[in-house]
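Student: Quick one, structure for this:
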Amino acid sequence: TCFKALCCKGPPPPRPEYDLVCIGLTGSGKTSLLSQLCSENPENIVSTTGFSIKAVPFQNAVLNVKELGGADTIRKYWSRYYQGSQGVIFVLDSASSEDDLETARNELHSALQHPQLCTLPFLILANHQDKPAARSVQEIKKYFELEPLARGKRWILKPCSLDDMEAVKDSFTLLINLLEERELEPSRM
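Tutor: As a prediction, this is how the structure comes out:
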């Protein structure tokens, strides 16, 4: 019986999969963060010009992340890729110029209000916290007007950098928790 209990359990239950969209301006670090999460060689990272899809494995789920390029010529097409998303990752460069921060704020506001995204959980990553010019999470929250804008929505704002991938993984785990909670809710009519 002991042998039977150890060897005959069958395969482990499949991990749930969630389809996410990852957006942010060029240079915010989307590709680098996702590549690190997938244990890819950081030397091969090239900025995304269109879109790429990565399956990011976690212990309790697999995130199928559709990363959209952040150049201004591509951003106008982002909404074409939102359909089917179950959550949103928004990466911003917390050490960027005022102009870029303003553009990022406008893009985040558009995403939070978009009909296909407005009910979804958002993970907002304030990247490049290791840079001297990085703004704190409190400064980002205030500047991006997240409290009034995202009231009633499920969102997480976390600081991050490639230097602290454990914190990045913890942020993604919080997002997975929101995705699981959303799945358990009775469907909205």
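
Student: Which residues does the longest helix along the chain contact?
Tutor: The single longest helix within the chain, with elements called by DSSP state H, is helix 165-184. Helix 165-184 is contacted by residues 16, 18, 20, 33, 36-37, 56, 58, 60-61, 63, 86-87, 89, 120-121, 123, 125, 154, 156, 158-160 when judged by C-beta atoms under 8 Å, 6 or more residues apart in numbering. All C-beta spots, glycine's among them, are computed from the backbone N, C-alpha and C.

Student: Which of the residues in it are classified as buried?
Tutor: Residues of helix 165-184 classed as buried: 168, 171-172, 175-176, 178-179 (neighbour count, 16 or more other C-beta atoms under 10 Å).

Student: what stretches of this structure score poorly on pLDDT?
Tutor: Residues of the chain that meet the criterion pLDDT under 70 lie in 1-12, 186-189.

Student: can we see that at 90?
Tutor: 1-15, 39-51, 146-154, 181-189 (pLDDT under 90).

Student: Quick check, central residue of it?
Tutor: With the centre of the chain defined as its mean C-alpha position, the nearest residue by C-alpha atoms, centre = their mean is residue 89, 2.2 Å away.

Student: elements contacting whichever strand or helix holds that residue?
Tutor: Residue 89 is part of strand 87-93 when elements are defined by DSSP states H and E. Packing partners of strand 87-93 (3 or more C-beta pairs under 8 Å, 6 or more residues apart in numbering; DSSP states H and E): strand 17-23, helix 30-37, helix 98-113, strand 122-127, helix 165-184.
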